[in-house]
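**Student:** Prediction below, plus the sequence it came from.
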Amino acid sequence: MKGRYRWGRGPQFLLANMGLIANSVTLVSFPHGIMQYGFWPFFSVYTVCLLVLGPSMIYLEVTLGQFSSSGALEIWKAAPFFKGVGICMLIRTALLIVREVGIASYVTYYLFLSMFPTVPWSICSHSWNTQYCWEGTVTFSDNNSNSTLSAWPMNDRFSFETIKTSPAEEYFLSNISPSDSTLALGIPRPWIVACLVMLWSLLFVSLTWGIKSLGKVVYFTTLFPIILLGTLLVRGATLQNGVDSIVAMFGTTATGLHPNLSFFDIVSNYELWYQAGTMVLQSLVLGYGVYASMASHNSFTHNCLRDTLLTVVWSLLINVAHAVMLFSYLGFLSLTWSKPLSSFYIGDYFYLFKLIPDAVTRTGVRHLFAICYFLMLTLFFLSTVLVLVENIETSLCDQFPQALGTFRRKTIFHATICITLLISGLPITTTNGFRIVDIIQRYEGRWQSPLFLLLECIGFAVIYNYITYERRALYQLIKQMLGRLLDHNYLMDVLWVSLTPVALCALLGTFWWNWVIKDYSNWARSTLEERVIQLLFYGLTAGFIPLWSLLWMVYKLVREPGGCIQRTAAIFAPTEEWAQMTGGDLEIDHPPQWGMKKMFNSDVDAPQEPLMAYTQV
């Protein structure tokens, strides 16, 4: 389609998806699940949930976005009754961006502090340190095999382990997120604000040319953090007790929380399945429409099935690799503090600033590995936010092509989005800014993702695919793009129509069941402010779904000709523009038929020159 940027040569679309997955959920939830349930029970359940939910939903969005060259809003022309889902997806995307960039601003602040001659969380002589602060170090011998602890006698550490704190923890609690904070947010802190402005400046420059500049940036923001992760993993494995901790992580089927339960007892726990399924949706960033927007810049015959499968495999690999790196440092801290692994809490973002920084500063070359660690985290967050911002811009530019048609207007619109989201993130830079992060995490993505994906299955895989248009309409789109007729392949039918919707319904039902059983009492005791905030977030992230559906139904019943049955059918039918597109108005060269042996080849057609986006003057 003319007037639209395309991904350049190379795996730029795949790299963008890989960078999207390295988000805060990957850094927190997966290691916490291992710590809570044991590696093999959690890994097994997580893999099953990943296979059921991941490929089907990513492939559904990618297929629609690539075929129509449309973002998260315009793909709903195939099922316009549910377009409110697309609107809510963009609102959730904005909230997720505010959360991710807010955390990244603190990570960037730590990155700059790591370059100082004396790292502030490495010693106990500051004014904010208490008498319980301990800066014990580890001295390695030449062969690095016999390490000895120094700076605190062994019997003393055992006697006072309940009251000793690390310099990293005291620095975080005194300067970043005070534990005795009041209800007031406070004022923005200048250095955190400066880091936030710097990050948004980088995001603005990186996305000035839209998908063309993003396609170049993802090579660095996706691949370089992997190199840093490997460096940190090797360093963690060389620390005392690092390899032993990794072996213990892979060799256990239960943790200190479930010492007497067998593998099957843990796997039969419905809470494990609920947490694993929720983590899969959040780690893959499903329910935001981002895959449709990114795929809309693919060439028409790009092999989207290959990239979908590789994205799912990469999601599992990056989760495991980061968990291995984390547990290597936790093993070192376990030896240092004479505590079991299960005593280290890694269930929130705070551990990013307390545990590994503490371990790094107790070893040699502390500045180098502290810089590597925080640079890795910064790039992980940036790689995610870059794709999310482009999701918003692509979707809105597709929705309003005339108003945002020129490069000048698009640049102004791009700057407006960056400034708006920057201002929205300022509350996170205050003294109690992590309260905002916690609120967004609790109320933005707990049940919305399963609901949105379920409506996607109903709207696209059921109503559009089988009822209102033609039998197996989605497969006709795939045939036009990939030259592969799937009438005799029912794998996606099983996933789109049965397994995936059932799993999503189970996640939704479990959430509301837990809310009635566990959270309703907290709701009853909550303050008016907390109730208003919760209802506001629920209204923003899901309120447009019934509102749009009601308006669309009234519009069709009033404007459509014919009887009651014809008007009712028109409510769920694709728009005329979508019908014309699928009817053959797209001028394409039919690609040759190719079999499963070439599934992992590149695009079927020859590489095309990138088309300029919105070049109308």
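**Tutor:** That came in fine, so what should we check first?
**Student:** From now on I want contacts and neighbour counts done on CA atoms only, so please keep to that.
**Tutor:** OK.
**Student:** which of the residues in the strand or helix carrying Ser201 are buried?
**Tutor:** Assigned by DSSP states H and E, Ser201 belongs to helix 190-206. Neighbour counts over helix 190-206 (16 or more other Cα atoms under 10 Å) mark 192-193, 195-197, 199-200, 203-204, 206 as buried.
**Student:** and the next helix or strand after it, what does it pack onto?
**Tutor:** Sequence-wise, the next helix or strand downstream of helix 190-206 (DSSP H and E) is helix 211-238. With contacts defined as 3 or more Cα pairs under 8 Å, 6 or more residues apart in numbering; DSSP states H and E, helix 211-238 has these neighbours: helix 12-21, helix 190-206, helix 242-251, helix 304-337, helix 366-399.
**Student:** Tell me where the model's unsure across this protein.
**Tutor:** 1-3, 136-163, 179-183, 252-259, 468-471, 484-489, 520, 583-617 (pLDDT under 70).
**Student:** what about 50?
**Tutor:** Counting by pLDDT under 50, the chain shows low-confidence ranges at 1-2, 138-162, 256, 487, 584-617.
**Student:** can you give me the strands for it?
**Tutor:** Assigned by DSSP state E, the chain shows strands spanning 138-140, 147-149.
**Student:** re earlier: could I get the helices and strands packed on helix 211-238 in TSV, plus columns for distance to Cys457?
**Tutor:** Formatted as TSV, those follow (distance: least, Cα to Cα, whole Å):
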stretch	distance to Cys457
helix 12-21	21
helix 190-206	33
helix 242-251	36
helix 304-337	17
helix 366-399	20
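**Student:** right, so the ones you listed: which one is the most enclosed?
**Tutor:** Most buried of the helices and strands packed on helix 211-238, by mean neighbour count (mean count of other Cα atoms under 10 Å): helix 12-21, with a mean of 24.
**Student:** and the angle from it to helix 211-238?
**Tutor:** 50 degrees (axes from the mean of the first three to the mean of the last three Cα atoms, to 10 degrees).
**Student:** Please list the outside residues in contact with helix 12-21.
**Tutor:** Applying Cα atoms under 8 Å, 6 or more residues apart in numbering, the external contacts of helix 12-21 come out as 7, 215-216, 218-219, 221-222, 283-285, 291, 294-295, 298, 307, 310-311, 314-315, 380, 383-385, 387-388.
**Student:** burial count for Ile517?
**Tutor:** Residue crowding around Ile517 was assessed by other Cα atoms under 10 Å; the count is 10.
**Student:** For Thr510, see how far away it is.
**Tutor:** 10 Å (Cα to Cα, to the nearest Å).
**Student:** Kindly report the same for Asn23.
**Tutor:** Shown here: Asn23 relative to Thr510, a distance of 25 Å by Cα to Cα.
**Student:** and if you look at Ile226?
**Tutor:** 35 Å.
**Student:** now Ser69
**Tutor:** 36 Å.
**Student:** Could you do Phe220 as well?
**Tutor:** Relative to Thr510, Phe220 is positioned 40 Å away (Cα to Cα).
**Student:** Can you show me the CA trace of stretch 196-208 as PDB?
**Tutor:** Extracted C-alpha coordinates of stretch 196-208, given in PDB (Å, rounded to 0.1, in the frame of the first residue of the first chain):
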ATOM      1  CA  LEU A 196      13.200  11.100  32.600                       C
ATOM      2  CA  VAL A 197      13.600  14.000  30.200                       C
ATOM      3  CA  MET A 198      16.800  12.400  28.800                       C
ATOM      4  CA  LEU A 199      15.000   9.200  28.200                       C
ATOM      5  CA  TRP A 200      12.100  10.900  26.400                       C
ATOM      6  CA  SER A 201      14.600  12.900  24.300                       C
ATOM      7  CA  LEU A 202      16.200   9.600  23.200                       C
ATOM      8  CA  LEU A 203      12.800   8.200  22.400                       C
ATOM      9  CA  PHE A 204      11.800  11.300  20.400                       C
ATOM     10  CA  VAL A 205      15.000  11.200  18.300                       C
ATOM     11  CA  SER A 206      14.800   7.400  17.800                       C
ATOM     12  CA  LEU A 207      11.200   7.600  16.400                       C
ATOM     13  CA  THR A 208      11.400  10.800  14.400                       C
END
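**Student:** From the rest of the structure, what touches that stretch?
**Tutor:** In contact with stretch 196-208 (Cα under 8 Å, 6+ apart) are residues 101-102, 104-105, 213-214, 217, 382, 386, 390, 411, 414-415, 418, 422.
**Student:** State the phi and psi torsions of Trp121.
**Tutor:** phi -100, psi 20 (degrees, to the nearest 10).
**Student:** neighbours of it, just the number please.
**Tutor:** 25.
**Student:** Please apply the same query to Val365.
**Tutor:** 10.
**Student:** What does it show for phi and psi?
**Tutor:** phi 50, psi 50.
**Student:** who touches it in this structure?
**Tutor:** Val365 neighbours (Cα under 8 Å, 6+ apart): none.
**Student:** Against Met115, how distant is it?
**Tutor:** 12 Å.
**Student:** Identify the residues contacting Val385.
**Tutor:** 20, 97, 100-101.
**Student:** List buried members of the residues you listed by neighbour count.
**Tutor:** 20, 97, 100-101.
**Student:** which ones among those are found in helices?
**Tutor:** Taking DSSP state H as the definition of helices, the buried ones among the contacts of Val385 contribute 20, 97, 100-101.
**Student:** okay if I get these as JSON lines plus distance to Arg442?
**Tutor:** Below are those laid out as JSON lines (distance: Cα to Cα, whole Å):
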{"residue": "Leu20", "distance to Arg442": "21"}
{"residue": "Ile97", "distance to Arg442": "15"}
{"residue": "Glu100", "distance to Arg442": "14"}
{"residue": "Val101", "distance to Arg442": "17"}
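**Student:** between those, which is closest to Ser268?
**Tutor:** Leu20 (31.3 Å; Cα to Cα).
**Student:** any idea how far the closest one lies from Ile417?
**Tutor:** Taking Cα to Cα, one finds Leu20 at 19 Å from Ile417.
**Student:** before we move on, what about Val285?
**Tutor:** From Val285 to Ile417 the distance is 20 Å (Cα to Cα).
**Student:** which one of those two has more residues nearby?
**Tutor:** Neighbours were counted for Val285 and for Ile417 using other Cα under 10 Å; Val285 has more, 25 against 16.
**Student:** Tell me which residues touch the more buried one, please.
**Tutor:** Taking Cα under 8 Å, 6+ apart, one finds 20-21 in contact with Val285.
**Student:** Make 46 the first number, not 1, from now on.
**Tutor:** Taking 46 as the first residue, the last one we looked at is Val330.
**Student:** how near is it to Glu119?
**Tutor:** Where Glu119 is concerned, Val330 sits at a distance of 19 Å (Cα to Cα).
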